[in-house]
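Trainee: coords please:
(chains A and B)
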2 protein chains.
Amino acid sequence: MSKTPDSAVRTYIAQHRAAFLDDLADWLRIPSVSAQPDHAVDVRRSADWLAAKLHETGFPTAEVWATPGAPAVFAEWPCDDPRAPTVLVYGHHDVQPAAREDGWDTDPFEPVIRGNRLHARGAADDKGQVFFHTLGVRAHLAATGRTTPAVHLKLLIEGEEESGSPHFRALVEEHAARLTADVVIVSDTGMWSEDTPTVCTGMRGLAECEIQLHGPDQDIHSGSFGGAVPNPATAAGRLVAALHDEHARVAIPGFYEGIVELTDRERALLAELPFDEEQWLRTAKSSAVHGEAGHTTLERIWARPTAEVNGIGGGYQGPGSKTIIPSSAMVKLSFRLVAGQDPDLIEKAVRSWAAEQLPTGIRHEITFGAATRPCLTPLDHPALQSVVRAMGRAFGQEIRFTREGGSGPAADLQEVLAAPVLFLGISVPSDGWHAPNEKVEIDLLLKGVETAAHLWGDLSDNWRDAS
Amino acid sequence: MSKTPDSAVRTYIAQHRAAFLDDLADWLRIPSVSAQPDHAVDVRRSADWLAAKLHETGFPTAEVWATPGAPAVFAEWPCDDPRAPTVLVYGHHDVQPAAREDGWDTDPFEPVIRGNRLHARGAADDKGQVFFHTLGVRAHLAATGRTTPAVHLKLLIEGEEESGSPHFRALVEEHAARLTADVVIVSDTGMWSEDTPTVCTGMRGLAECEIQLHGPDQDIHSGSFGGAVPNPATAAGRLVAALHDEHARVAIPGFYEGIVELTDRERALLAELPFDEEQWLRTAKSSAVHGEAGHTTLERIWARPTAEVNGIGGGYQGPGSKTIIPSSAMVKLSFRLVAGQDPDLIEKAVRSWAAEQLPTGIRHEITFGAATRPCLTPLDHPALQSVVRAMGRAFGQEIRFTREGGSGPAADLQEVLAAPVLFLGISVPSDGWHAPNEKVEIDLLLKGVETAAHLWGDLSDNWRDAS
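Mentor: The predicted structure follows:
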């Protein structure tokens, strides 16, 4: 019996596994933290590194695209058959801030392999998931004997995703002609678990703001003045407390207006997943669930909008005590949005609400960062089946459906390119995105390689069938 | 006409003014910050400096008294008449934390004279007010031709007042025999204003705590987990919001139990003071008053207990954003207490209240610092009249009555030494205690010298009259 394409793919991956991991580790060593201005040079280095690596992989075109912020990388590998469909893969090469003192066991930018795990900031979010496409396309060529991919393959790997993608939409609009695609594949999401491979059908959107509160012009003595003037740290607390009502629903007027509620079928599919609350709490490093009344935990994290405090600060935070009324305080809030919510309307609602919460004598300023729109893929979309089949071959299991609580600029791609957006991600919840000791499961990373190796042929075949 | 004692005192002070200010500046250069462990060596240096200076002033005894924390200074200058009353002056030589970047125009520990103002951390709180007693007693001797003070004069200058005086009561108890006094004079308070000299008749007490709140074991992704687990920064906000009800009354059950309410006469005396809210707000560097319903601003700061947030912190406070649910958050609270409130009962009440506010899944720890009891001098106390007369001669004006919103260990002295406590302070609200650019008005500082110069004779005379 001749070698099947599946075993050829596996053989090729096994042969190139070591070099693949070494290369990924090199990339992970670059601290491409887009939120910290000090690391701007590293984000640029990361883009240059990736463009060079994509050239080396075989992409005839691999360019660094400047933005007013951090650069993106674009690469293109046309199919020798001009009738083949065009696929645009999206990911990001910037990472969350990370410092050893946040609780990392090792340097976050010095990758370490322990067992089946590769630990580093960005290992799962998102460098690992971008990188599986490099070996994926090589395995696809090796197993099929092709010299070009079965699809016109494009990659757009942005550098500001962890900062809310402030220039991404403009970038996509600027380069829309070169980015044009029949299908967008987003590789920046996760699966249910190691045992239950899944395809994600939607992501939440994100609106973020920082609220600065100003009281006295300088810190004043809490004995001399305490009890008689407004305290901005108290105001910050009261503002935070006013975010939610007693049912843990967001209490900002208009917040839930127009949201797309889950259908009965979607609720049923979610309920079918083997959800183990104890296990989930371990992944969440938390000891109790807490959230909007009337919804399950899965509904809360995937299909319900939220308001979370990401940071709060004011007054004296050093050792010992300081009996002051602080001059100022600060709250950083983020809102996860679901389909039907418009970030512009949310910003307006938050601004009106905040102004109403604050006592006379507390001045405030609200700064909103760039927002990310929510995104939802119809369950009956035909291209979803290609992804499901490719994953099925890689994983040898039934593929189920999830959503993703996190946010990405997928909705911008969908809007600007007028192309359906599909999700292909192999990260699992325990990977610790944004947390200390982030890791990726190496076996799953290689299943991602394998899925990518199968996907281009399936998409191309089904595209021809469909057209 | 022969020189009056008053003009002799003034002449002596004028002659020694420059050296007095130079000496004070030397002392202010020592950053004796008791709340910061790094400055422990400076607090000790400050004590040594003061003991040496008191020796030089003429005190036959001047000792540094060790405590388990920062040292105090004790000095004694007996009267040659053994029947003279004994007076114990209390002050402190430690200061609040201060750093240039908090908003100081100049180095907080490099004293600068601008016009009539001497700027430095501790200029008013409390080194300046301790120091006026040195020139005061010399002027008293020079003007009266005495070789010893008219009272048995003792000074106890502690080194941990800005840290809540954790070892002060034990120190006083340990040395009670040497500290025994007929009257305690506390020089760590203020006057109404430059134009309206006043004597303070009470101080608020102080209880302080830090509440640590723990949620997830590490920071977790607000997209993956947001909306479904408790957020300790949110919990911190809700705790702060629960401190006060909608009338700005402290909402901790039992907080107001047993407090000594103002009498009608006290309310009337307070209402007689030339209070100008606009002016007061400028001093408070604030743009609006805010406090307990049903009370005037003066009542709120002097005679009503409070709950203030001195610091709050949790999650990401750096530049940009970080979409996390933080692992922990922290709140530093202080409670000003009035007569009738027991710090031990307040601690119990706060502990019960805090535990009830927090959702399942948020662990907490509360640490209370050492408390200071509230203190109230009866308006009809005869020794108060000596202070009023001495101040009257120095200021040439009617002396009125105030209270002090701040806190000091006066109540411990009153309790342990069984002696009445009087207040002699010349600081004014604009001095900026605990704030950047703290200063003392040099003219008032010299009126303090003058008052001290008159006080010992008046007290001695009236003591003899009384006994």
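Trainee: What separation is there between A:E292 and B:I362?
Mentor: 17 Å (C-beta to C-beta, to the nearest Å). Just so you know, the C-beta spots here come from the backbone N, C-alpha and C atoms, and that holds for glycine as well.
Trainee: Compare those two (neighbour count), which wins?
Mentor: Comparing A:E292 with B:I362 by other C-beta atoms under 10 Å in any protein chain shown, the one with more neighbours is B:I362, at 25 against 19.
Trainee: doesn't B:P216 make contact with that one?
Mentor: No: using C-beta atoms under 8 Å, B:I362 makes no contact with B:P216, being 10.1 Å away.
Trainee: who does the helix or strand bottoming out on mean pLDDT in chain A pair up with?
Mentor: Least confident helix or strand, chain A: strand A:375-376 with a mean of 82, by mean pLDDT, DSSP states H and E. Strand A:375-376 has the following strand partners under DSSP bridges: strand A:198-203 (antiparallel).
Trainee: Show me the helices in the stretch 101-250 of chain A, by range?
Mentor: Ranges of helices in the stretch 101-250 of chain A, per DSSP state H, counting those that start in this stretch, are A:127-144, A:168-174, A:176-179, A:232-241.
Trainee: Using a markdown table, please lay out those together with distance to chain B.
Mentor: Shown next, in a markdown table, are the helices of the stretch 101-250 of chain A (distance: least, C-beta to the nearest C-beta, whole Å):
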| stretch | distance to chain B |
| --- | --- |
| helix A:127-144 | 15 |
| helix A:168-174 | 15 |
| helix A:176-179 | 25 |
| helix A:232-241 | 2 |
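Trainee: Highest mean neighbour count out of these?
Mentor: helix A:232-241 (a mean of 27; mean count of other C-beta atoms under 10 Å in any protein chain shown).
Trainee: Can you tell me what sits against that helix?
Mentor: A:211, A:213-215, A:309, A:312, A:314-315, A:325-331, A:354, A:357-359, A:362, B:233-234, B:236-244, B:308-312, B:331 (C-beta atoms under 8 Å, 6 or more residues apart in numbering or on different chains).
Trainee: Filter these down to the buried ones, ChimeraX style.
Mentor: This is how ChimeraX selects the buried members of the contacts of helix A:232-241, with burial counted by 16 or more other C-beta atoms under 10 Å in any protein chain shown:
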select /A:211,213,214,215,309,312,314,315,325,326,327,328,329,330,331,354,357,358,359,362 /B:233,234,236,237,238,239,240,241,242,243,244,308,309,310,311,312,331
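Trainee: Could you check the pLDDT of the residue in the stretch 1-150 of chain A that chain B sits nearest to?
Mentor: Scanning the stretch 1-150 of chain A for proximity to chain B using C-beta to the nearest C-beta identifies A:A35 as nearest, at 3.6 Å. With respect to pLDDT, A:A35 scores 94.
Trainee: now A:R464
Mentor: Here the pLDDT value assigned to A:R464 is 63.
Trainee: got it, and A:M1?
Mentor: pLDDT at A:M1 comes out at 33.
Trainee: does stretch A:300-318 come close to chain B?
Mentor: Yes: contact of stretch A:300-318 with chain B (C-beta under 8 Å from any C-beta of the partner chain) involves A:300-301, A:304-306, A:308-318.
Trainee: for stretch A:362-370, same thing?
Mentor: Yes: using C-beta under 8 Å from any C-beta, stretch A:362-370 reaches chain B at A:363, A:369.
Trainee: returning to that earlier point: what about the least confident helix or strand of chain A, distance to the chain center?
Mentor: Centroid displacement of strand A:375-376 relative to its chain, using C-alpha atoms, centre = their mean, to the nearest Å, is 13 Å.
Trainee: on that earlier part again, adding mean pLDDT as columns, could you present the helices of the stretch 101-250 of chain A in JSON lines?
Mentor: Below are those laid out as JSON lines (pLDDT from 0 to 100):
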{"stretch": "helix A:127-144", "mean pLDDT": "97"}
{"stretch": "helix A:168-174", "mean pLDDT": "95"}
{"stretch": "helix A:176-179", "mean pLDDT": "96"}
{"stretch": "helix A:232-241", "mean pLDDT": "98"}
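Trainee: Including distance to B:V73, could those helices go into CSV?
Mentor: Below are the helices of the stretch 101-250 of chain A laid out as CSV (distance: least, C-beta to C-beta, whole Å):
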stretch, distance to B:V73
helix A:127-144, 62
helix A:168-174, 65
helix A:176-179, 76
helix A:232-241, 35
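Trainee: So, low pLDDT: which residues of the stretch 1-150 of chain A?
Mentor: A:1-4 (pLDDT under 70).
Trainee: Can you show me the strands along it?
Mentor: A:61-65, A:72-77, A:86-92, A:112-114, A:117-119 (DSSP state E, counting those that start in this stretch).
Trainee: In JSON lines: those, plus mean neighbour count.
Mentor: What follows is the strands of the stretch 1-150 of chain A, written out as JSON lines (neighbours: other C-beta atoms under 10 Å in any protein chain shown):
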{"stretch": "strand A:61-65", "mean neighbour count": "18"}
{"stretch": "strand A:72-77", "mean neighbour count": "24"}
{"stretch": "strand A:86-92", "mean neighbour count": "26"}
{"stretch": "strand A:112-114", "mean neighbour count": "13"}
{"stretch": "strand A:117-119", "mean neighbour count": "21"}
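Trainee: Format those strands as CSV; extra columns: distance to chain B.
Mentor: Listed next are these as CSV, based on distance: least, C-beta to the nearest C-beta, whole Å:
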stretch, distance to chain B
strand A:61-65, 22
strand A:72-77, 18
strand A:86-92, 14
strand A:112-114, 17
strand A:117-119, 14
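Trainee: CSV for those strands, including distance to B:W104?
Mentor: Conversion of the strands of the stretch 1-150 of chain A to CSV gives the following (distance: least, C-beta to C-beta, whole Å):
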stretch, distance to B:W104
strand A:61-65, 46
strand A:72-77, 45
strand A:86-92, 43
strand A:112-114, 45
strand A:117-119, 44
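Trainee: Could you say which one of those strands comes nearest to A:L269?
Mentor: Proximity to A:L269, assessed across these by C-beta to C-beta, is greatest for strand A:86-92 (24.7 Å).
Trainee: quick one: contacts for the residue of the stretch 1-150 of chain A closest to chain B?
Mentor: A:96-97, A:162-163, B:319-322.
Trainee: same thing but 6 Å
Mentor: A:97, A:162-163, B:320 (C-beta atoms under 6 Å, 6 or more residues apart in numbering or on different chains).
Trainee: and the residue nearest to it when sequence neighbours are not counted, which of the three is it?
Mentor: Spatial nearest neighbour of A:A35, excluding adjacent residues (C-beta to C-beta, 6 or more residues apart in numbering or on different chains): B:G320 at 3.6 Å. Here B:G320 is coil, with the state taken from DSSP: H, G, I helix; E, B strand; the rest coil.
Trainee: how is chain A carved up into domains?
Mentor: What automatic domain parsing lists as the domains of chain A is A:5-203+A:375-466, A:205-259+A:305-368.
Trainee: Can you check which of the ones you listed gets nearest to B:E158?
Mentor: Checking the domains of chain A against B:E158 by C-beta to C-beta gives domain A:205-259+A:305-368 as the closest, at 16.1 Å.
Trainee: Centre of the chain to that closest one, how far?
Mentor: In this view, domain A:205-259+A:305-368 has its centroid 25 Å away from the chain centroid, taken as C-alpha atoms, centre = their mean.
Trainee: No further questions, thank you.
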